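Chemist: The sequence and its predicted three-dimensional model are supplied below.
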Amino acid sequence: MGNRLSQIATRTGDDGTTGLSDGSRVPKTHLRVQAMGDVDELNSNLGVLLAEPLPDEVRDLLVTIQHELFNLGGELSWPGGTLLKDAAVLRLDEALAHYNEQLPRLKEFILPAGTRSAAIAHVCRTVARRAERAVLAVAATETINAAPRQYLNRLSDLLFVLARVLNRANLDGLGGDDVYWQSERMKRLDAAEH
């Protein structure tokens, strides 16, 4: 991981391969590269969320998560290497407990909606789940440390909780509560169609 990018357009990938941190080259369709891309997409979506008005405590947490995701992506690009520490997973567990205890218990399913920041957090949650599946696909054929798998699992849970927190933060004047799935409404609509 000692090399830093000094040139972006290297043209070394024109043949459909990409370089890993250990110097090896793999097809851009390789499962490891897919997982790296999903983690990068998640980190980019968190950047969009960070462009929204957020409580300072949530903002600080998300910035830390972005750095940890960069470590996770680096670890994926370095077969056999370790960059994401167990402490990062513990930090997510602690944040999850902290924010979850502030919320009312869910009795219904909620929709991925509400304030703009909450909706973006839900998008991040779904990308985190996809990244987790991609890492698990790599782990089915190659050795992957436990921390990346655990981190993405906890992060998707935390993003669900943070979406609920952001709906209540009311920073844009639109918040207040979760948007609940209305099963009775769906039953009425189905009945009206028949």
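Modeler: Arrived safely. Residues are numbered from 1 along each chain as shown.

Chemist: Below-threshold pLDDT in the chain: ranges please.
Modeler: For the chain, the stretches with pLDDT under 70 are 1-15, 17, 19-21, 26-27, 29, 170-175, 185-194.

Chemist: can you map out the helices along it?
Modeler: Remark: helices assigned in the chain by DSSP state H are 31-50, 56-76, 86-100, 116-139, 146-169, 183-193.

Chemist: Which of the ones you listed sits closest to Glu108?
Modeler: Across those, Glu108 has its closest neighbour in helix 183-193 (8.1 Å, CB to CB). (C-beta placed from N, C-alpha, C; glycine too.)

Chemist: Let me know which of the helices of the chain is the nearest to Asp177.
Modeler: helix 146-169 (6.3 Å).

Chemist: Which strands or helices does that closest one pack on?
Modeler: Applying 3 or more CB pairs under 8 Å, 6 or more residues apart in numbering; DSSP states H and E, one finds that helix 146-169 contacts helix 56-76, helix 86-100, helix 116-139.

Chemist: Verify the stated contact: Gly80 with Thr143.
Modeler: Yes: here Gly80 reaches Thr143: they are 7.1 Å apart, a contact under CB atoms under 8 Å.

Chemist: which of the two has more neighbours?
Modeler: Gly80 (11 against 8; other CB atoms under 10 Å).
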